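>>> model this:
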Amino acid sequence: MALMEEGAKEIAQTVIDAAKGGDLSAARLVLERLAPPMRERPITISLPDTQSTDGISAAQQAILEAVGAGELLPSEGVTLAGIVESRRKAMETKELEARISALEAKK
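Numbers count the residues shown, from 1 in each chain. Okay, here's the model as predicted:
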């Protein structure tokens with residue numbers, strides 16, 4: 001670790017000087033360290049209640065429309081659609097469990 005720290009200040013200053021001198025690669029490196037690109041952002045979207053299959057379908061439609069209108073980035077739409085799909089799978093699992101329990105109770 002001490003070896004890495006040795007000369008770090010001078011190296012950083014050299015990169016900064018190169019960026020100031022017009023070296024675009026150095027400038028990009030400096031800017032990426034000063035203000036790293038955002039990976040995610042908070043988003044707000046009103047979705048219908050997802051406690052029914054109709055609600056889940058409506059939520060998926062709302063997400064699709066928001067992406068189409070440019071209110072959400074496509075990657076954000078994919079993430080939200082995945083969350084809604086997880087909700088649908090959970091509901092499906094619950095319904096299957098209830099059906100199996102009902103069949104077992106009849107035996």
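>>> Domain map for this structure?
7-34, 53-106 (automatic domain parsing).
>>> which one of those has the lowest average pLDDT?
Ranked on mean pLDDT, the bottom entry among the domains of the chain is domain 7-34, at a mean of 87.
>>> can you dump the C-alpha coordinates of stretch 64-75 into CSV?
This file holds the C-alpha atoms of stretch 64-75, laid out as CSV (Å, rounded to 0.1, in the frame of the first residue of the first chain):
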residue,chain,number,x,y,z
LEU,A,64,-44.8,0.4,-21.4
GLU,A,65,-46.6,3.7,-21.9
ALA,A,66,-44.1,5.6,-19.7
VAL,A,67,-41.2,4.2,-21.6
GLY,A,68,-42.9,5.0,-24.9
ALA,A,69,-43.5,8.6,-23.8
GLY,A,70,-39.9,9.1,-22.6
GLU,A,71,-40.9,9.4,-19.0
LEU,A,72,-38.8,6.4,-18.1
LEU,A,73,-35.6,5.1,-19.7
PRO,A,74,-35.9,1.7,-21.3
SER,A,75,-33.6,0.2,-18.6
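>>> Next, the buried residues of the longest helix seen in the chain.
Using DSSP state H, we find that the single longest helix of the chain is helix 74-106. By neighbour count on 16 or more other Cβ atoms under 10 Å, the buried set for helix 74-106 is 76-77, 80, 84, 88, 91. (Glycine included, C-beta is placed from N, CA and C.)
>>> Closest one to E97 out of these, please.
If you rank the buried residues of helix 74-106 by distance to E97 using Cβ to Cβ, M91 comes first, at 10.7 Å.
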